[in-house]
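> what's the 3D shape of this:
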Amino acid sequence: MDDAPFDPPAEAREALRVVMDAHSRGDVDVALEGVTDILERWPGYAQARSYLGQTLVTRKRRFADGLAELDRAVADGGHDPYILFTTGWCREFVANALAKSRGGAHQPVPQSADDLYESARTILLRAHQSDPDERLVGDIEDMLDVVANATGIPWDESEITRSAPRAR
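Take a look at the predicted model:
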């Protein structure tokens, strides 16, 4: 069995670039149609699946569908710190929406906000440990801080203030 990550052909990368261009112009529905077509042809294209999941979560508020796509992206491309970051960020996005009842109607998810914050923390820590570039490290740490502020659970042991040892 070959565990090497899927290496998308140039045609697939170009198709995703076209999708991203449509998204940047505000044509989100066109972009979603395009990425769905890409994934029908190249189902192992983790970056495309990550885009689909993120867009379903953040633009369409289809939380359950988006998180499922992000989980598939991690299964196919869990070596990629950007996919891990995106998945963690979207889990925090959904947790925040649930915890603060923000953003209006959304597709329900079976997880609680607390469970989503915990899974966001776990996957963001995985992203942090996956050799991300320097810019992404800052983004990951910022999101870990957001999750820590929401939960009261520090992500970094150095953030825990300890009492001085008592003399014996």
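
> Every contact and neighbour count from this point should use C-alpha atoms.
OK.

> Excluding chain neighbours, give the residue nearest to the most centrally placed residue in the chain in space.
Centroid-nearest residue in the chain: Thr87, 1.5 Å away (criterion: C-alpha atoms, centre = their mean). Leaving aside its chain neighbours, Thr87 sits nearest to Leu70 (5.7 Å; criterion: C-alpha to C-alpha, 6 or more residues apart in numbering).

> moving C-terminal of the helix or strand encompassing the one you found, what's the next helix or strand?
Assigning secondary structure by DSSP states H and E places Leu70 in helix 63-77. For helix 63-77, the following helix or strand on the C-terminal side (DSSP H and E) is helix 81-100.

> Which strands and helices lie in contact with that following helix?
Under the contact definition 3 or more C-alpha pairs under 8 Å, 6 or more residues apart in numbering; DSSP states H and E, helix 81-100 sits against helix 46-58, helix 63-77, helix 113-128, helix 134-151.

> Including mean pLDDT and distance to Ala15, could the ones you listed go into TSV?
Shown next, in TSV, are the helices and strands packed on helix 81-100 (pLDDT from 0 to 100; distance: least, C-alpha to C-alpha, whole Å):
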stretch	mean pLDDT	distance to Ala15
helix 46-58	98	10
helix 63-77	97	17
helix 113-128	97	26
helix 134-151	95	25
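
> closest one to Ala12 among those?
Within the helices and strands packed on helix 81-100, the stretch nearest Ala12 is helix 46-58; the backing value is 9.0 Å (C-alpha to C-alpha).

> What residues of the closest one count as buried?
Neighbour counts using 16 or more other C-alpha atoms under 10 Å place 46-57 of helix 46-58 among the buried residues.

> Now flag whichever of these is closest to Glu92.
Lowest distance from Glu92 to the buried residues of helix 46-58 (C-alpha to C-alpha) belongs to Val57, with 10.8 Å.

> quick one on the thing from earlier: which residues does the residue nearest to the centre of the chain contact?
Residues near Thr87 by C-alpha atoms under 8 Å, 6 or more residues apart in numbering: 50, 54, 67, 70-71, 74, 120, 123.

> sorry, back to before: name the stretch among the helices and strands packed on helix 81-100 that sits most buried.
For these, the largest average neighbour count (mean count of other C-alpha atoms under 10 Å) is found in helix 46-58, namely a mean of 24.

> Sounds good, over and out.
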